[in-house]
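Peer 1: Mind looking at a prediction? Sequence and model below.
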There are 2 protein chains.
Amino acid sequence: MTATLGPRGAALVRDVVARADDPADPMSRTDALIVVTPADVELVLHPQAGSAAGEVLAVGIGASPGVASGVAVFDSWRALDLVDEGARVILVRPETSPADEPGMAVAEGVLTSSGGLASHAAVVARGRGLPAVCGADSLQIGADSLTTATGLVIREGDAISIDGSSGEVLSGLVTVDDHEVPAELDVLLGWADEVRAGALAVRANADTAVDAALARAFGAEGIGLCRTEHMFLGADRLPLVQQMILADTPEGEAAALAELHVVQRADFEAVLEAMDGLPVTVRLLDPPLHEFLPDVGDLEVAGARGELDAAGAELLAAARRWHEHNPMLGVRGVRLAVLKPGLYRMQVRALVEAALLRIDAGGTPRVQVMIPLVSTAAELALARGWVTDAAAEVLGPRAGELDLRIGAMVETPRASLCTGELVDVADFLSFGTNDLTQMTFGFSRDDVGRLLDAYLGQGLLAADPFGTLDVDGVGELVRLGVERARDRRPDLEIGVCGEHGGDPDSIAFFRAVGVDYVSCSPFRVPVARLAAARAVLGA
Amino acid sequence: MTATLGPRGAALVRDVVARADDPADPMSRTDALIVVTPADVELVLHPQAGSAAGEVLAVGIGASPGVASGVAVFDSWRALDLVDEGARVILVRPETSPADEPGMAVAEGVLTSSGGLASHAAVVARGRGLPAVCGADSLQIGADSLTTATGLVIREGDAISIDGSSGEVLSGLVTVDDHEVPAELDVLLGWADEVRAGALAVRANADTAVDAALARAFGAEGIGLCRTEHMFLGADRLPLVQQMILADTPEGEAAALAELHVVQRADFEAVLEAMDGLPVTVRLLDPPLHEFLPDVGDLEVAGARGELDAAGAELLAAARRWHEHNPMLGVRGVRLAVLKPGLYRMQVRALVEAALLRIDAGGTPRVQVMIPLVSTAAELALARGWVTDAAAEVLGPRAGELDLRIGAMVETPRASLCTGELVDVADFLSFGTNDLTQMTFGFSRDDVGRLLDAYLGQGLLAADPFGTLDVDGVGELVRLGVERARDRRPDLEIGVCGEHGGDPDSIAFFRAVGVDYVSCSPFRVPVARLAAARAVLGA
C-alpha cells in the first residue's frame, strides 16, 4: 500500500504554492508545475490507507485509484440491502455489466477477477471516483464467496480492503485517511491552466447531469464524451428499449422510440444545463442491442428447467437473433443505425429539442453530435444526413440559433488511416482510444486480464496498453490520423476521448502529435490539467 | 444463374490457345492472357447450371463458385446417412463449425444463413472446391427445416440448388454441366507462369497431404499456409486435445502433448512429401482453446436437465474457464503459446522430426514455421526462441541439413505498422488478410453477414472486404507493412496468405505494393496464376 506517500502529495502541493509567494525562498510557477507530479495530484484526490490491513489475498490491476474497505458482497442487489442496513461494502464480481451499476453506486469499492483497465468495472469506477481492482484472476469468484489461490474462502460479510493504485486485495479493514483536498491544489491547477491555455484543453467523459456538474467543478472545459447508452439502462427505460428491439412492425418500433424520445430529451436538457456555454459531445447509441437483452444462456437454462413464460420465450428469440460471436466487432455504433435508422433520428430530435429549451431558458448550449464506430466516409456521410435532417425538422426557422457540429469517433484502425476522407464530412474528430487499442492489438478488453499478467510478467509489454497508450502501434495510428486530417483541414478540431485522455504519459504523446483536447473521467480531470500543462512545458 | 456464360470460358480458352499457334490468325501469348479473364478460368473450373431450376428462395453471398443441386439436409450426421443411401445432398446450416466438416466432405454444396466470405463454411468450401452460398440471412434455418422470407418451408429431402457465384438459392434441381477442363487451360497457364516468374509466385493454403497434392497439381509453388488446428480436430485427436486442456498438472499436460506429437509428426511428414522441394509454411496452433471444447450453453442446458455426468461437468468447468466474450480478440495464436508454451515446442519437434524422416527418405523438405497473431517484436522473439530451441534439440549435429525459416503472420494492425521491428527477428512475413480485415474494420467475419447486405445494398461498401481487399484501409496497412519491412530488410520474403490471395483484384494490388507471393485455396490456384500474370503485365 502507498500509505506513506499519501501525505507527501498534499504537503508538497501546499509547500510549492507557499514558496511561489515567498520572497525569501521563491519558486517559479513553472518549477512548481514540474516539481508536483500527476501522481502527487492522484494522492491528494484519492483516499489512502492510514494503517495496514491483513494478508494480501491477490494482486490485480489497479483500475481506479484510492483505498477502500468494507464487507464483501457478491451481488449488486445484496449490496443495496447491506448498505441500507448501514454496512460499507466492497462489491465483488467476476466482472460487472450495466446491471451492476446500482450496486456500484453504493459500494466503497469494486473488485473483479476478469477484465482489464478498459473493462466495464474499471471505466465506471473511474467515472465515479470509486476505488477498483480488476482482473484479479487468481481469485475464483462465485455467487456468494471468493476463493484465493491458497484456498482461503471469503464469504459475504467478511471484511476486505482494496488498493486501486497498487492493485492489492487484502483481508480485513484498513483505516482510510481523510482526504481533504487542500485549497492550494486549485491555485496550482490554475497556473497549469494558464500554461496550457490555447494548446491542450481538458474535457470530461460524463453521461449525466451529476457527472457533468462534478466534471465542471473539477475544471473540465466541456464534455468530450457523453455516452447515451447509460440513459437507456434505467429501470424505467430498459423495457422501452426491449419493446423497440422486439417490435415486429415499424409502428411498434416508432411507438417505443417516441417514449424513449421524451426521457432522452430530459436527460440531454439537464446535461446541457450543467455544461452551459461549454461544448457537449454527445455520442449517439453505441453498444450492440443484445446488451439490452437478457443473456441467451440464462434464458436457455431457464427454458430447460421449464421456467420460461411466453414473454421470456419472446426475449429468448430476440436475444438469439441479436446474438453475436464477437459483439465487440459486431452490429454496434453507426452500423446499428444503418439497420435501425430511426434510433439516431430520435436521439438527435431529443437533443436538439433539449438545446432549444435551454436557449429559451437563456442558456447557451454548444452541441457536438458524435457518430461512433465509423470506418468509412460513406457511413459518416449517411449518418450526417440523418443528423442534419432531424435537426432541421426540429429547428425549422431557428436553425441559426444553435451551434451544432457533427463529427466522427475515430476508433477503428480504418478510420484512423482514412481521416483524410472523413474530414470532408466531419466538423470534428475524436479518437476513441479504448476501441482503437482493442482492434490494433486484437485484444478484447473484457478478456485481456489473464493475458496481461503473463505479458507484463514476461516483459512482452512495458505497460497495460489500456492504461498507457501504446505509442508504437495505437499511437502511430493516432499520429497518422491527425497528420492526414490536418493535411486537408489544418484547423479541424481533434480530440481524444478514450480512457488514455486521463493518463499523464499518454497526454504527453497526444500533445506531441497535435491533438486539441483530451477527455477523461471527471475524477481524472485535475490530474489531466496538470499533465497537460507539463506536456506543454515539455516536462 | 450464369449458365449462359459457362461455355464461353472453356471455348474462349480453347480458341486463344489455338490462335496463338495459327499463322493465319495469330494472337500473341500476352494478348491471350489479357483476353482470357480470371472469371473465364473460374467458369472453366467449376460446374455451371445446364438448365434453370425453380423459384429463387433467397440470395446470399456467393462464397465458393459452382452450381450444385441435391436434397436439403440440416445436420452433418444425417448428410452422411443420406449419402450412404445414394442421395446427393446440400448441407444447410445456420453456420458451420469444424464439427460439420465430415458432412461438408460428402455434400454437393453448402448453404448457411449467417457468416460472410471469411466464415468457416466459406473458407472450407473454397478449400474443397465445394459450391457454397453463405449468409443467406432471409432464411430461417432450424434443426430440420428452413423457412423462406415468404413463408415457404423446405424440409429434409426437398430438392434445392445453389449457385456459389451469384449467391442464389433455388427450389428444385438443376442439371449441372459436365465441367471437363480443356487441356488448353494448362497451356495458357504455362504462359502465365512464364510472365510472372520471379515477380509474383502462387502458393496454396493446404492443411493435409491430399490438399497439398491437389494444390501442386493445380500449379502451386509451395504451401503459404498449412493450418495445424485441423490436424487436432479428427475423432482420434480431439480427446487428446481436451485431455491437454483439462490437465491440472504439468505431467498430465505433457502426456497428452506426447500423444499429439506422434500424430502431428505423421501429418507433417505426409504434407512435406506431397510438397517435396517446395516451401511449406506451417502455422503453429492458432484458434482459442474453447474451439476444442463443447459449447458452454449446450453443457449448461444439459446440466439444467440433469443430463451432465462427471466428465461433462469437468468439460463445463474448462469451457467456462476458457470462455471469452470476443474470442476473435482473445487468447489465440502466439498468446495461447505464451500461456502454454509446451504446445508450440511439441509442434516444432514433430515438424522437424518429420523433415528429418523426409531427408532420410531422399526428400528435400523446405520448412517455414509461421507464428500467428503476433503484435509485438518481443512476442516474436520469444516464440522464435522456442522454435530454435526445439529444432536444435531434434536436429543436434544435423542442423546444417534442414532449410528451416521462422517468420510471423502479420494479421493485427499493430504488426503491420511495426514490421520494421518484426523483421529483426523474422526470416519472412506473411500477411493474414482475413484477420487484418476483421480488425481494421472491426467486422467479425462470423457476424458480418447481416450487415453486409445493408452495406452493399446502400452503397456504403463497393465490395465485400472479405472477398476483395479494401485497398484504402486494409491495403494501406499492407502497403505500410511492406514498405517498413523492406526499408530495413530489402530482400525479405513477404507473402499474403489470407483468402484475398485468390482474388484477382486483390492480387493486382499485392503485386503493386511488392509482395513476393500470394497463397490461396487449391481450387483458386489456376485463377491466381492467371491473375498474377495479368498483374505483372499491368492488365
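Peer 2: Happy to help now that I have it. Residues are numbered from 1 along each chain as shown, chains lettered A, B, ... in the order given.
Peer 1: how deep is the residue in the stretch 51-200 of chain A that chain B sits nearest to tucked in, by neighbour count?
Peer 2: Of the residues in the stretch 51-200 of chain A, the one nearest chain B is residue A:95, at a distance of 8.8 Å by Cβ to the nearest Cβ. C-beta here means a position set from N, CA and C on the backbone, and glycine is covered the same way. Residues within reach of residue A:95, counting by other Cβ atoms under 10 Å in any protein chain shown, total 19.
Peer 1: Where does it fall, secondary structure wise?
Peer 2: For residue A:95, there is no enclosing helix or strand under DSSP states H and E.
Peer 1: how far out from the middle of the chain is the helix ranked longest in chain A?
Peer 2: Longest helix of chain A, by residue count under DSSP state H: helix A:250-274. Mean C-alpha position of helix A:250-274 versus that of the full chain (Cα atoms, centre = their mean, to the nearest Å) differs by 22 Å.
Peer 1: can you check stretch A:55-62 too?
Peer 2: Worked out by Cα atoms, centre = their mean, stretch A:55-62 lies 23 Å from the chain centre.
Peer 1: in that stretch, what counts as buried?
Peer 2: Residues of stretch A:55-62 classed as buried: A:57, A:58, A:59, A:60, A:61, A:62 (neighbour count, 16 or more other Cβ atoms under 10 Å in any protein chain shown).
Peer 1: contact partners of that stretch?
Peer 2: A:111-113, A:116-117, A:122, A:133-139, A:148-149, A:152, A:154, A:160, A:163-172, A:449, A:452, A:464, A:467 (Cβ atoms under 8 Å, 6 or more residues apart in numbering or on different chains).
Peer 1: Show me which of those are buried.
Peer 2: A:111-113, A:116-117, A:122, A:133-137, A:139, A:148, A:154, A:160, A:163-171, A:449, A:452, A:464, A:467.
Peer 1: quick one: the helices in the stretch 101-250 of chain A?
Peer 2: A:101-106, A:120-128, A:184-196, A:209-217, A:238-246, A:250-274 (DSSP state H, counting those that start in this stretch).
Peer 1: among the ones you listed, which is nearest residue A:395?
Peer 2: helix A:250-274 (14.4 Å; Cβ to Cβ).
Peer 1: Quick one: mean pLDDT for the closest one?
Peer 2: What helix A:250-274 shows for mean pLDDT is 93.
Peer 1: same check, this time on stretch A:459-473
Peer 2: 94.
Peer 1: just to revisit the earlier point, with secondary structure and distance to residue B:87 added, can I get the buried residues of stretch A:55-62 in TSV?
Peer 2: Listed next are the buried residues of stretch A:55-62 as TSV, based on DSSP: H, G, I helix; E, B strand; the rest coil; distance: Cβ to Cβ, whole Å:
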residue	secondary structure	distance to residue B:87
A:57	strand	61
A:58	strand	58
A:59	strand	61
A:60	coil	57
A:61	strand	56
A:62	strand	62
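Peer 1: one step back: tell me how far the residue of the stretch 51-200 of chain A closest to chain B lies from residue A:60.
Peer 2: 12 Å (Cβ to Cβ, to the nearest Å).
Peer 1: what touches both of these two?
Peer 2: With Cβ under 8 Å, 6+ apart as the test, residue A:95 and residue A:60 both reach A:112, A:113.
Peer 1: List the contacts of stretch A:77-89.
Peer 2: A:69, A:70, A:71, A:72, A:73, A:91, A:102, A:103, A:106, A:107, A:108, A:156.
Peer 1: pretty sure residue A:273 contacts residue A:210?
Peer 2: No. With contacts counted by Cβ atoms under 8 Å, residue A:273 stays clear of residue A:210, the gap being 11.8 Å.
Peer 1: out of these two, which sits in the more crowded spot?
Peer 2: Using other Cβ under 10 Å as the criterion, residue A:273 and residue A:210 rank with residue A:273 on top: 17 against 14.
Peer 1: Near chain B, which residues of the stretch 101-250 of chain A are found?
Peer 2: Where proximity means Cβ under 8 Å from any Cβ of the partner chain, the stretch 101-250 of chain A presents no interface facing chain B.
Peer 1: low-scoring stretches of the stretch 101-250 of chain A, by residue?
Peer 2: A:178-179 (pLDDT under 70).
Peer 1: try 80
Peer 2: Along the stretch 101-250 of chain A, segments meeting pLDDT under 80 span A:127, A:176-179, A:230-231, A:233-236, A:248.
Peer 1: So for the helix or strand where residue A:33 lies, what gets flagged as buried?
Peer 2: Residue A:33 belongs to helix A:29-35 when assigned by DSSP H and E. By neighbour count on 16+ other Cβ under 10 Å, the buried set for helix A:29-35 is A:29, A:32, A:33, A:34.
Peer 1: The second one - nearest residue in space that isn't next to it in sequence?
Peer 2: Spelled out, that is residue A:32. residue A:16 (4.1 Å; Cβ to Cβ, 6 or more residues apart in numbering or on different chains).
Peer 1: what's next to the helix or strand harbouring that neighbour, contact-wise?
Peer 2: Assigned by DSSP H and E, residue A:16 belongs to helix A:6-20. Helix A:6-20 has contacts (Cβ under 8 Å, 6+ apart) with A:25-29, A:31-32, A:35-36, A:39-44, A:48-49, A:177, A:181-182, A:184-185, A:187-188.
Peer 1: Residue A:484 and residue A:420 touch, don't they?
Peer 2: Yes. Counting by Cβ under 8 Å, residue A:420 is a contact partner of residue A:484 at 4.2 Å.
Peer 1: residues contacting residue A:516?
Peer 2: Counted by Cβ under 8 Å, 6+ apart, residue A:516 has contacts A:200, A:201, A:493, A:494, A:495.
Peer 1: How about the residues of the stretch 251-400 of chain A by chain B?
Peer 2: A:296-297, A:300-305, A:324-331, A:335, A:338-339, A:373, A:375-376, A:378-379, A:382.
Peer 1: Please convert the buried members of those residues into PyMOL selection syntax.
Peer 2: Here is the PyMOL selection string for the buried members of those, based on 16+ other Cβ under 10 Å:
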select buried, chain A and resi 296+297+300+301+302+304+324+325+326+327+328+329+330+331+335+338+373+375+376+378+379+382
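Peer 1: Can you pick out the ones from the residues of the stretch 251-400 of chain A next to chain B that are in helices?
Peer 2: A:296-297, A:300-304, A:335, A:338-339, A:378-379, A:382.
Peer 1: Make a markdown table out of those and add pLDDT.
Peer 2: Below are these laid out as a markdown table (pLDDT from 0 to 100):
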| residue | pLDDT |
| --- | --- |
| A:296 | 80 |
| A:297 | 80 |
| A:300 | 83 |
| A:301 | 82 |
| A:302 | 83 |
| A:303 | 82 |
| A:304 | 81 |
| A:335 | 95 |
| A:338 | 93 |
| A:339 | 89 |
| A:378 | 97 |
| A:379 | 96 |
| A:382 | 97 |
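Peer 1: Which members of those are the farthest-apart pair?
Peer 2: Among these, A:304 and A:378 lie farthest apart (Cβ to Cβ), at 44.6 Å.
Peer 1: Show the end-to-end separation of stretch A:304-311, please.
Peer 2: 16 Å (Cα to Cα, to the nearest Å).
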